[in-house]
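Novice: structure for this input, please:
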Amino acid sequence: MHRKSQATYVLGTLVFFLIEVFIAVYVFDDIVRPYLGDLLVVILLYCFTMAITHLRIITALTIVLCFSFVVEFLQGIQLIEMLGWQNSRLARTIIGTSFSYWDLLMYTAGALLILSIEWFISTRKA
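Specialist: Numbering: from 1, shown residues only. All right, here's what the predicted structure looks like:
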């Protein structure tokens, strides 16, 4: 699979960052915030990684997915409380506060969606 230009990934980073901020500030539901937000954060992190590196698609995607899983497991050991950040709304929003297998599933779905899109784009160019 071929990479898109760095500018495409920079634009993707900005767009998905703004979407995530919107969700964090304005959306308090049982679907978009907990599920779609987790799927989209993987796309955001992937776009950011691709914008600042020259990694291969699968390498960047693996790193992002592993990072997402590590953050989720850190939630499971209550990192926020260990660091004394339990009163920080920003830290609680960015890092999260509770472990969920559903989050791992959504991160994986986001990674699979990225892989599908990258594959589709590369086959259309070929």
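Novice: any weak-confidence spans in this structure?
Specialist: Along the chain, segments meeting pLDDT under 70 span 1-3, 126.
Novice: just give me the longest helix of it.
Specialist: helix 101-125 (DSSP state H).
Novice: how many residues are close by D30?
Specialist: By the criterion of other Cβ atoms under 10 Å, D30 has 7 neighbours. Where C-beta positions appear, they are placed from N, C-alpha and C, glycine not excepted.
Novice: tell me which element the residue most central in space within the chain is part of?
Specialist: The chain has V42 as the residue nearest its centroid, 2.0 Å off, counting by Cα atoms, centre = their mean. Taking DSSP states H and E as the definition, V42 sits inside helix 37-52.
Novice: on that earlier part again, and the angle for the longest helix of the chain with helix 37-52?
Specialist: Computed with axes from the mean of the first three to the mean of the last three Cα atoms, to 10 degrees, the direction of helix 101-125 lies at 50 degrees from that of helix 37-52.
Novice: hmm, who's touching the helix holding V42?
Specialist: With contact meaning Cβ atoms under 8 Å, 6 or more residues apart in numbering, helix 37-52 is reached by 3-4, 6, 9-10, 12-13, 16-17, 19-20, 23-24, 27, 55, 57, 60-61, 63-65, 67-68, 102-103, 106-107, 109-111, 113-114.
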